[in-house]
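K.L.:
no FASTA, just this:
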């Protein structure tokens, strides 16, 4: 509803996407989903922008009322929470399985209702720094840190598959997926080594062992976000890696396939300071410590 109100107020998807700090394709998909949910056309799109239909104007008024009430309730509850809550600061990497944290946080909120969770999007290396500096209670890292200062437990393993142009996938795919060495004529769309050095070194070693040149290093400060992945592989000259059940919608020109034999497994560790005695943190770690396998379906794409 908030996205819809923004589109109407801005008079178009492009300006609304900038205001909401999301991509225009993602906003367009949200509007399409909203129209499907209500079974009515809500916007008239044109080259000059977007206008609300009669049904859209009705939804606009209702949405503003709902959002105003929601914001008021949120402000009241936030003020109440801040008076008594203990903050648990968590670092989160890109592409974390959607249900990993949600289930654990639900258990945490039941057992420790006064604990307030504050999540930050950080690379593995940045999370290690923040943990050592006392700015995070828990990190979710793509490698297990060395030393005695931090404790860690493996919380998930993901058998990575490959994202590539649909036409190229049709040429390379077999009944069980795509062989990793069949990708050696394509460029790998990777991430900066500085973000997770040990994971980067492990991954590039696997690629080289299958005849794939990882290519030149990616400059620091360029995280491998979903939009970069999709844009890079859509022309058919590159591939990138992604977990099964990737949360981002795929355009028709891009598809996902499992890798035959599952040669690349990405691990995520829950990491915290070894001298911590917080009961809410211990409860969250225990909730995260579930069977650590996220296996790819044999032929889902």
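P.N.:
Received, thanks. Fair warning: this is a prediction, and the values are worked out from it, not measured in the lab. Numbers count the residues shown, from 1 in each chain.
K.L.:
model confidence for residue 96, exactly?
P.N.:
Among the per-residue scores, residue 96 holds a pLDDT of 87.
K.L.:
dump the residue contacts of it.
P.N.:
With contacts taken as Cβ atoms under 8 Å, 6 or more residues apart in numbering, residue 96 has the following neighbours: 140, 268. Quick note: C-beta positions are derived from backbone N, CA and C, even for glycine.
K.L.:
the chain should start at 38 in everything you say after this.
P.N.:
All right, first residue 38 from here; so that's residue 133.
K.L.:
surely it is in a helix?
P.N.:
No. The assignment for residue 133 by DSSP: H, G, I helix; E, B strand; the rest coil gives coil, which leaves it out of any helix.
K.L.:
tell me the phi and psi of it?
P.N.:
Summarising the backbone geometry of residue 133 under the convention degrees, to the nearest 10, its torsions are phi -70, psi 130.
K.L.:
go on, residue 322?
P.N.:
Residue 322 has phi and psi values of phi -60, psi -40 when expressed as degrees, to the nearest 10.
K.L.:
from residue 174, how far out is it?
P.N.:
Here residue 322 is placed at a distance of 10 Å from residue 174 (Cβ to Cβ, to the nearest Å).
K.L.:
could you do residue 106 as well?
P.N.:
Relative to residue 174, residue 106 is positioned 33 Å away (criterion: Cβ to Cβ).
K.L.:
could you pull out the strands in this protein for me?
P.N.:
Per DSSP state E, the chain carries strands over the ranges 80-83, 86-89, 123-129, 152-158, 175-178, 187-196, 198-202, 224-225, 275-279, 291-294, 302-310.
K.L.:
what's the longest one in contact with?
P.N.:
With Cβ under 8 Å, 6+ apart as the test, strand 187-196 has contacts from 134, 137, 165, 168-169, 177-178, 181-182, 280-281, 295-296, 299, 301-311, 322, 325-327, 329-333.
K.L.:
drop anything exposed from those.
P.N.:
Neighbour-count burial (16 or more other Cβ atoms under 10 Å) is assigned, among the contacts of strand 187-196, to 134, 137, 165, 168, 177-178, 182, 280-281, 295-296, 299, 301, 303-310, 322, 325, 329, 331, 333.
K.L.:
neighbours of the nearest residue to residue 176 once chain neighbours are set aside, how many?
P.N.:
Closest residue to residue 176 apart from its sequence neighbours, by Cβ to Cβ, 6 or more residues apart in numbering: residue 164 at 3.7 Å. Residues near residue 164, counting by other Cβ atoms under 10 Å, number 27.
K.L.:
I'd say residue 164 and residue 173 touch.
P.N.:
Yes. Between residue 164 and residue 173 a contact is recorded at 6.3 Å, counting by Cβ atoms under 8 Å.
K.L.:
which residues do the two both contact?
P.N.:
Counting by Cβ under 8 Å, 6+ apart, the common neighbours of residue 164 and residue 173 are residue 128.
K.L.:
mind listing what residue 298 touches?
P.N.:
Applying Cβ under 8 Å, 6+ apart, the residues near residue 298 are 216, 217.
K.L.:
ok, now how distant is residue 242 from residue 233?
P.N.:
Here residue 242 is placed at a distance of 14 Å from residue 233 (Cβ to Cβ).
K.L.:
since that was my last question, I'll sign off now.
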